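[1] What would the 3D arrangement of this be:
(one chain, ligands or ions: 1)
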Amino acid sequence: MLSTQTAGTTPVLAATGLRRTFGKEGFVAVDDLSLSVEPGQVHALLGPNGAGKTTTVRMCATLLTPTVGQIQVDGIDAVRHPEAARARVGLVLGGELGFYPRASARDNLLFFADLQGLSRRRRRQAVDTALERMGLADVATRKAGAFSRGMLQRLHLARALLGSPPLLLLNEPTTGLDPDVALQVRDLIRELAADGTEVLLTSHSMPEVEELADLISVIGAGRIVTRGTVRDLAAYAGIGMISGFTLPARHADAAARLQEQLGDGAVVAQRPASGRWAVTVYWAVDDSRADREARDAALAAALAEIGTQAPADLVTRPASLEEAYLALADRLAR
Ligand SMILES: Nc1ncnc2c1ncn2[C@@H]1O[C@H](COP(=O)(O)OP(=O)(O)OP(=O)(O)O)[C@@H](O)[C@H]1O
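    Below is the predicted model of the structure:
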């Protein structure tokens, strides 16, 4: 589960043993962190505030030099040759000002394309393609200063796409956007990945990560705590599957009694819901066939023991990313 590379593909981004300290005291923001992003893959970094996600992205973008460790971008040693590596990275960092407010969106992008060293002819083409791709072609002549936050975010993404870099580093790309604009940005990220661009993404939005990421690295206190798919993370967090159902009001002690019956293999919780009890059972086991049969039998026996039948509204489903992440939260603190 902790492998950083799939056999047969060469990652465009490969970072190994990254450590970054800050200040005289040598505060360790990131420690012994390795990751890679494969062609066409969206790799998400997830972790609490201050875990080290932005520091990691900044190092991968060559904006910050690692105290220790190596970074390869498209085969280039990004620590030794940051400028050459930087030219292969499209970057969106949250909270940037970034544009000349009195210049048009197109002129802003032309300026950045020029900085990137694109020839005059390629510059126009790259800018028009990026504006088109971000749905900004119709407002290309408007001043960037008059753009809404959503339009500005799309302009940031357009800037990141100039020159078609093989790697996109997106730090909180949809934070603060209206839901419909966030949806558009997510569609774009998915499209770009489907076209073969590698994407390293940080986001606090669990549904966003769940929807977009092929691989999720959970960072706590500067280190990778676990890495894998949503299912892998849920299994690691000890909540492979979740059963939910309701019981009549007389079952006020259902959670405690079911817990007694089910033992260590599950955690049971209950809360009031519209005059009944909503009961949730978090199963440690995954959903293999043998597990499923054992689980269903254990639940049926436990329910019979407390004097009720299998409830009609019983649903058993895999844990969501948010549920898995919350179950991990106390293992992520500094
Ligand atoms: N330039 C800096 N100087 C000193 N400390 C820093 C600097 N940059 C980051 N840090 C510290 O390093 C730690 C990691 O910060 P970082 O911004 O990477 O976290 P993060 O996971 O991106 O958090 P958030 O989710 O809040 O964006 C934090 O404790 C932060 O205060």
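
[2] going forward, measure contacts between C-alpha atoms and count neighbours the same way
    Fine.

[3] and Val267, how many neighbours does it have?
    For Val267, the number of neighbouring residues by other C-alpha atoms under 10 Å comes to 20.

[4] what does the one 3 residues further on give?
    For Gln270, the tally of surrounding residues (other C-alpha under 10 Å) stands at 21.

[5] Also the one 3 residues further on?
    Around Ala273 there are 12 other residues, counting by other C-alpha under 10 Å.

[6] and if you look at Ala87?
    By the measure other C-alpha under 10 Å, the count of residues near Ala87 is 19.

[7] what's it in contact with, if anything?
    For Ala87, the contact set (C-alpha atoms under 8 Å, 6 or more residues apart in numbering) comprises Gln116, Pro165.

[8] now the one 5 residues further on
    When the contact criterion is C-alpha under 8 Å, 6+ apart, the partners of Val92 are His156, Leu157, Ala160, Leu168, Leu169, Leu170, Asn171, Pro173.

[9] Helix or strand: which one has the fourth one?
    Under the criterion DSSP states H and E, the helix or strand holding Leu168 is strand 167-171.

[10] what does that strand contact?
    Applying C-alpha under 8 Å, 6+ apart, the set of residues contacting strand 167-171 from outside is 12-13, 54, 57, 61, 88-94, 160-161, 197-203.

[11] ok, that strand: who's next to it in the sheet?
    strand 89-92 (parallel), strand 198-202 (parallel) (DSSP bridges).

[12] Redo those strands as JSON lines? Include distance to Arg223.
    Shown next, in JSON lines, are these (distance: least, C-alpha to C-alpha, whole Å):
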{"stretch": "strand 89-92", "distance to Arg223": "22"}
{"stretch": "strand 198-202", "distance to Arg223": "15"}
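
[13] Could you save these as CSV and add columns showing mean pLDDT and distance to Ala140?
    Formatted as CSV, the strands paired with strand 167-171 follow (pLDDT from 0 to 100; distance: least, C-alpha to C-alpha, whole Å):
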stretch, mean pLDDT, distance to Ala140
strand 89-92, 92, 19
strand 198-202, 95, 26
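
[14] which of those strands sits most buried?
    Most buried of the strands paired with strand 167-171 by mean neighbour count (mean count of other C-alpha atoms under 10 Å) is strand 198-202; its value is a mean of 27.

[15] Show the secondary-structure elements that the helix or strand following that one is packed against.
    Once strand 198-202 ends, the next helix or strand along the chain (criterion: DSSP H and E) is helix 206-212. When contacts are defined as 3 or more C-alpha pairs under 8 Å, 6 or more residues apart in numbering; DSSP states H and E, helix 206-212 sits against helix 179-194, helix 321-328.

[16] ok, residues contacting the first one?
    Taking C-alpha under 8 Å, 6+ apart as the criterion, the residues outside helix 179-194 that touch it are 39-42, 134, 150, 154, 173-175, 199, 208, 212.

[17] quick one, what contacts the most centrally placed residue in the chain?
    A centroid search over the chain (C-alpha atoms, centre = their mean) returns Ala44, at 3.3 Å, as the residue closest to the centre. With contacts defined as C-alpha under 8 Å, 6+ apart, the neighbours of Ala44 are Leu200, Leu201, Thr202, Ser203, Val209, Ala213, Asp214, Leu215, Ile216, Ser217.

[18] Bridged to it, which residues?
    Here Ala44, judged by DSSP bridges, has bridge partners Leu201, Ile216.

[19] And it, how close does it get to Ala126?
    Distance from Ala44 to Ala126, counting by C-alpha to C-alpha, to the nearest Å: 27 Å.
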